[in-house]
Structures are given as C-alpha cells and as structure tokens.
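Enquirer: return atomic coordinates for the entry below.
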Amino acid sequence: MDCLSSGFADVDRARDPSFFSSCLATLNSLPYFQKNKTKSFALMDVGEGSRVLEVGCGLGYDALALAEMVGQKGRVVAADFSRIMLQAARSQADGLALPL
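Expert: Okay, here's the model as predicted:
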C-alpha cells in the first residue's frame, strides 16, 4: 500500500498515470468511502455560500460534490500537483454550472 500511496506524489511521471485515475475512481465508488466522505463534509459544516479549498483534488469528485453544497454564492478552489489529475477534474466540471 505504501508503494501505491507514494506513487501519487508524481502521477505525471508514472509509466501508467491511468492506473492512479482508476484507483481513485474505484475508491470513490465504494460505499465505505462514500459514507466517510458524507461524514467529513458534515463535519466541515459546508453550506450555501461557503468557501472551500481542496488540496490534492485528484479527479475532482469531492470538489464537484462540495461545489453543489456551496451553491452559486460559494466558491470551491481545487488544487493538485498533477496536471493529469487537474485536467481530469476540469473535464468532469465542464458544462456544469458550479462555482469552481
């Protein structure tokens, strides 16, 4: 597991960057992680008009969920060291009327 987590430090130079995208997509689909994200968002007390900075946004799943929560009066800024991950996150947000 340490090898997997340390690989996220330099996704852009990985032999197969899609492997990391696949890992994040799989984790995001698991009920255990979905339940914990819901709890985390509740603890953050994110609501209409909130401003959120997400560091290490990966594929942008959480940024999109948070953007829906903050509404048009709020703002979500998502950052990641990986250009590949940022491009994937941006493509998921394309066409959505969310405050990103």
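Enquirer: what about this protein, any weak spots by pLDDT?
Expert: Along the chain, segments meeting pLDDT under 70 span 1-5, 99-100.
Enquirer: let me see the ranges of the strands in it.
Expert: In the chain, the strands defined using DSSP state E lie at 51-55, 75-79.
Enquirer: elements contacting the first one?
Expert: When contacts are defined as 3 or more CB pairs under 8 Å, 6 or more residues apart in numbering; DSSP states H and E, strand 51-55 packs onto helix 61-70, strand 75-79. From N, CA and C alone the C-beta is placed, and that goes for glycine too.
Enquirer: let me see the contact set for the residue nearest the centre of the chain.
Expert: Nearest to the mean C-alpha position of the chain, counting by CA atoms, centre = their mean, stands Gly60 at 3.1 Å. For Gly60, the contact set (CB atoms under 8 Å, 6 or more residues apart in numbering) comprises 78, 88-90, 92-93.
Enquirer: what about the residue lying closest to it once chain neighbours are set aside, how many neighbours?
Expert: Spatial nearest neighbour of Gly60, excluding adjacent residues (CB to CB, 6 or more residues apart in numbering): Ala89 at 2.8 Å. When neighbours are defined as other CB atoms under 10 Å, Ala89 has 23 of them.
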